[in-house]
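1. The following comprises the amino acid sequence and a computationally predicted model.
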Amino acid sequence: MVVPTICSTSAAKGKLIRQKEYRIMIHKEKALQLFADKYHCSQAVLAAFADECGITEEQALKLGACFGSGMRKGEVCGACTGALMELGLKYGQTDKEDLISRQRANAVNDEMMKKFAD
């Protein structure tokens, strides 16, 4: 995972923005390729971010396997559940006393869901 550093120059800020855009493009291409290879959307999205989540692509494909086709019921979109699993791995609460991480996870969930709906 690339962690941005604090930049004081506009050139450095521009470079960070370009790096972020490049990572987004790579993840998008990876997810689209996995979907083209007949994986579920949930698998494709989660596997595209596996390296940043600290899991292998194989683990991501297995984890996302039962969330395809709206959890086989036409309910929540697999791309949405794959993204939420990725966000949970990155920002999820692991300590029951850590309410700050719970709030952070809820915030990124809400932001993703809002963008997904748009």
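-> Here it is on my side, so go on. Numbering: from 1, shown residues only.
2. Check which helices and strands the helix or strand where Met25 lies sits against.
-> When elements are assigned from DSSP states H and E, Met25 belongs to helix 10-36. The contact analysis (3 or more C-beta pairs under 8 Å, 6 or more residues apart in numbering; DSSP states H and E) places helix 10-36 against helix 41-48. In short, each C-beta sits where N, CA and C put it, glycine included.
3. Show me what counts as buried in the helix or strand that the helix it packs on is followed by.
-> Using DSSP H and E, the next helix or strand after helix 41-48 towards the C-terminus is helix 50-53. Neighbour counts over helix 50-53 (16 or more other C-beta atoms under 10 Å) mark Ala50, Cys53 as buried.
4. And helix 50-53, what does it pack against?
-> Helix 50-53 is packed against helix 57-64, helix 78-91, with contacts defined by 3+ C-beta pairs under 8 Å, 6+ apart.
5. among those helices, which is the most enclosed?
-> helix 78-91 (a mean of 20; mean count of other C-beta atoms under 10 Å).
6. relative orientation of that helix and helix 10-36 in degrees?
-> Counting by axes from the mean of the first three to the mean of the last three C-alpha atoms, to 10 degrees, helix 78-91 points 130 degrees away from the direction of helix 10-36.
7. neighbours around Ile24, how many?
-> Counted by other C-beta atoms under 10 Å, the residues lying close to Ile24 total 10.
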